[in-house]
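>>> Any chance you could fold what I've pasted below:
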Amino acid sequence: MNSSLGVSKHLIWNKFKLMSFILLVNIIELVLLVPLDWGSMFLQSYPLDKVIFSSLIVYLLGALFLIRENEQVFLNSKYSLVPVTEIKIYFSNLITTFLAYLYFGILETGIFFTAFWLIDSDSLIFHLQSIVKMGQISLISKVITMSLLAIILIWTLSTFVHLVSQLLPLQNQKLTTVIFYLLVAVLVFYIGYINVWNLDTMRVDWYIEVKNHIFGRTIGFDLIGIVVFTILNITILKKHSSIK
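This is a model prediction of the structure:
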């Protein structure tokens, strides 16, 4: 691990292992819990509801676990010994996190559709056909784009909070950690709430054929936030590299 490429390989391998573990747990949970739940005997839609809820939780857990994995890079002293700049380490960390989550998202979507197919293949085919006939592919693409940018914004924001929290004049490391995770939780909830609200509004407006600029405004807000916090993070890392 004596170059930026070596750092990237090491980072992405660790993140891929973490995401693969979450996916494995999700598969085991679906295999064991959905068929065995007695509620499925009385309510036909119950297993599918459980699969949808499970997938949503897993998507969220993947993003949150990667927050912790990101910050471990800046706490690990071995990365400060690698002869690469703080900028390269920062972007290697961010890019490998994105690639790991993309890998995770694609496989989790595959798991969801497989479970959906096993539970109710006719309903799945009907929904997919409806999406194509109603021209919802463009809307879904916008939703995915907005969601990914929101997640990247959360990662850059959490890194900023982490770096600032490490500079606070607090002697108690446990208190610093508590403050960090509380702030991150608030930021995740706030950004998530805004994006869910915008996604729902965009979906409703699409159905009633009302033009709006929600998509452009939201991705603009996310991109500006990502750029601003990336600049701040790199600045802090270069001036206070010892906090790594």
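>>> Tell me where this protein has helices.
Assigned by DSSP state H, the chain shows helices spanning 4-36, 46-75, 86-133, 137-167, 173-207, 214-239.
>>> any chance of those helices in JSON lines, with mean pLDDT too?
Formatted as JSON lines, the helices of the chain follow (pLDDT from 0 to 100):
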{"stretch": "helix 4-36", "mean pLDDT": "80"}
{"stretch": "helix 46-75", "mean pLDDT": "80"}
{"stretch": "helix 86-133", "mean pLDDT": "84"}
{"stretch": "helix 137-167", "mean pLDDT": "82"}
{"stretch": "helix 173-207", "mean pLDDT": "70"}
{"stretch": "helix 214-239", "mean pLDDT": "87"}
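>>> need the ones you listed in a markdown table with mean neighbour count, can you?
Heads up, the C-betas are built off the backbone N, CA and C, glycines and all. Formatted as a markdown table, the helices of the chain follow (neighbours: other CB atoms under 10 Å):
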| stretch | mean neighbour count |
| --- | --- |
| helix 4-36 | 15 |
| helix 46-75 | 18 |
| helix 86-133 | 16 |
| helix 137-167 | 19 |
| helix 173-207 | 14 |
| helix 214-239 | 16 |
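>>> Now the spatially most central residue of the chain: closest residue in space that isn't a chain neighbour?
Against the mean C-alpha coordinate of the chain, by CA atoms, centre = their mean, the closest residue is residue 63 at 3.1 Å. Excluding the flanking residues, the one nearest residue 63 by CB to CB, 6 or more residues apart in numbering is residue 151, at 5.2 Å.
>>> quick one: the one you found and residue 64 touch, right?
No: contact criterion CB atoms under 8 Å: residue 151 and residue 64 do not qualify, at 10.1 Å.
>>> Fine by me, thanks again.
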